[in-house]
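**Q** Everything below, folded, please.
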Amino acid sequence: MKKITYIAIICSFYHIMGSYAQTQNTNNALHLEIQQETAAITDSLIKVRRYLHQYPELSGAEEKTAHFVAQYLRRLGLEVHTGIGGHSVIGILRGAQNGPKIAWRADMDALPSEDPDGVPFASKHPGVRHQCGHDVHTAIGLGIASVLSKQKKDVKGTVYFIFQPSEENYKGANAMIADGLFDLIQPDEIYAAHISPMPSGLIATKPDYVFANYRQLKLTFEKSNIADVEQVISDSRSILSELQNVPSEGPFWNNRTLLDPNIGVGSPTTIFKDYITVEDNMPVEEKENTIAVSAYLTLSNPTILDSLPTYVERRLQTSGYANALKSVSYASDTFVYGEQRKQLINDAVLTKEVLSRLSSVYGDTVVPPMYGVIPDGRGDDFSFFQERVPGVYFLMGGSNFEKGIIAMPHAPNFNVDESCIPSGVTFFSSLIVERLYQ
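**A** As a prediction, this is how the structure comes out:
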């Protein structure tokens with residue numbers, strides 16, 4: 001699309017947004033510069049995204065993507081480091097004044113996929129596709145770096161840009177940490193965003209849990225006190241299955257319901273607030289003296305999470321297995337794709353602060369409240385960064401329903417409205433400026 005078309009879109013967007021800005025915001029001049037600079041580079045960022053989309057690389061193989069990102073950051077004048085925990089790139093923007101240290105994470109890897117890629121700039125790598133939006137995340141990260149590098153003389157503090165490999169297989173964050181990421185950088189806060197099926201131009205998050213807890217609940221029995229092993233397995237599976245509790249069974253499993261104005265995650269009457277799902281596969285682990293039956297649960301409510309083992313233990317004791325029961329407990333580690341999974345938890349105080357700041361600049365309609373918890377047990381390994389540094393993880397809209405563009409990650413028809421790139425650059429550049437001048 002022609003550059004003038006994108007600038008027209010951006011100008012229209014900012015005309016709407018401008019009505020929400022509050023005059024008392026001390027950084028209005030910087031936010032205006034951010035908007036203007038984003039409009040000027042939007043066309044080039046779209047080209048970056050399309051290039052990355054055409055040449056996707058799987059987790060652990062992001063060599064050319066990392067080279068592209070590193071060269072881009074060097075041209076901006078940033079200090080660049082590569083190869084920490086894999087094909088990572090770290091860009092460091094040091095402002096003219098001392099101040100806070102803020103980190104922004106963007107993931108770079110693609111997915112194995114044989115699904116048709118129905119865009120003119122489709123993947124040129126057979127069996128590999130950016131079907132989760134990491135090409136968009138990378139373009140937005142580069143856009144933020146570009147915008148803020150133009151404001152270097154006004155930047156009060158340091159901004160770290162973390163371009164992470166291997167998010168899809170849950171290896172990247174841990175590998176970077178183990179290889180000394182936080183010896184190189186010392187952020188006070190860390191942020192990231194992920195494409196979601198919300199309409200393009202919106203961002204959302206909430207304190208604490210964005211994604212549901214994903215835990216393995218294990219029931220362990222002493223074999224010496226069991227008369228019928230198969231019966232114990234059958235009864236255990238029945239009790240675990242009965243834990244499932246989802247409101248509105250049909251709508252709950254429909255991805256479109258997540259955005260429903262009445263019961264979706266953005267509604268005070270959301271059905272995604274108190275639920276438990278139980279995976280059908282319930283493995284049995286048999287040892288010399290014990291037998292264990294387990295199930296993976298997805299839970300939205302941390303209070304229920306804590307009380308569930310006691311509840312199940314009581315059920316088993318009243319079901320005739322009191323003498324045989326050894327323990328009911330969560331596995332110490334939960335694994336995704338063979339890697340340890342860590343619950344993604346937004347820092348509550350920081351989340352409230354940044355939502356308030358963004359709303360003051362761009363309005364509540366752009367930053368709608370989020371009430372529900374997304375029933376996705378996989379989460380994001382950004383959680384390992386949050387374990388070290390207070391952080392906030394955002395969901396960013398990428399859909400355009402009128403055009404039939406649905407940005408549902410990993411879905412066969414996944415596609416992105418590219419207008420989310422300039423809006424993401426604008427919002428998150430403003431967020432970083434607000435935090436630098438807090």
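
**Q** which residues touch the nearest residue to residue 288 once chain neighbours are set aside?
**A** Leaving aside its sequence neighbours, residue 288 sits nearest to residue 223 (Cβ to Cβ, 6 or more residues apart in numbering; 8.0 Å). C-beta here means a position set from N, CA and C on the backbone, and glycine is covered the same way. Counting by Cβ atoms under 8 Å, 6 or more residues apart in numbering, residue 223 touches 229, 288-291.

**Q** Whichever of those count as buried, I'd like them selected in ChimeraX; how would that read?
**A** Only the buried entries of the contacts of residue 223 go into this ChimeraX selection, using 16 or more other Cβ atoms under 10 Å:
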select :290,291
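
**Q** can you give me phi and psi for residue 176?
**A** phi -70, psi -40 (degrees, to the nearest 10).

**Q** swap in residue 325?
**A** Per-residue torsions, residue 325: phi -70, psi 130 (degrees, to the nearest 10).

**Q** Between its first and last residues, how far does stretch 413-428 reach?
**A** Start-to-end span of stretch 413-428 (Cα to Cα, to the nearest Å) is 27 Å.

**Q** The residue lying farthest from the centre of the chain: what's it in contact with?
**A** Centroid-distance maximum for the chain: residue 227 at 47.2 Å, with Cα atoms, centre = their mean. Contact criterion Cβ under 8 Å, 6+ apart gives no residues in contact with residue 227.

**Q** Quickly find the element holding it.
**A** Assigned by DSSP states H and E, residue 227 belongs to no helix or strand.

**Q** before we move on, what about the one 4 residues further on?
**A** Under the criterion of DSSP H and E, residue 231 resides in helix 229-241.

**Q** residues near residue 413, how many?
**A** 12 (other Cβ atoms under 10 Å).

**Q** what about it, which SS state?
**A** Three-state call for residue 413 (DSSP: H, G, I helix; E, B strand; the rest coil): coil.

**Q** give me phi/psi at it?
**A** As for residue 413, its main-chain torsions (degrees, to the nearest 10) stand at phi -100, psi 20.

**Q** Apart from its chain neighbours, what residue comes closest to it?
**A** residue 406 (6.3 Å).

**Q** State the mean pLDDT of stretch 196-216.
**A** Averaged over stretch 196-216, pLDDT sits at 95.

**Q** got the end-to-end distance for that stretch?
**A** Start to finish, the residues bounding stretch 196-216 are 26 Å apart (Cα to Cα).

**Q** do stretch 117-130 as well
**A** With Cα to Cα, one end of stretch 117-130 sits 9 Å from the other.

**Q** Give me the contact list for that stretch.
**A** By Cβ under 8 Å, 6+ apart, stretch 117-130 touches 50, 52-58, 110-115, 136, 413, 415.

**Q** check contacts around the residue lying closest to residue 248 once chain neighbours are set aside.
**A** Leaving aside its chain neighbours, residue 248 sits nearest to residue 271 (5.2 Å; criterion: Cβ to Cβ, 6+ apart). Residue 271 makes contact with 246-248, 251-252, 257, 263, 372 under the criterion Cβ under 8 Å, 6+ apart.
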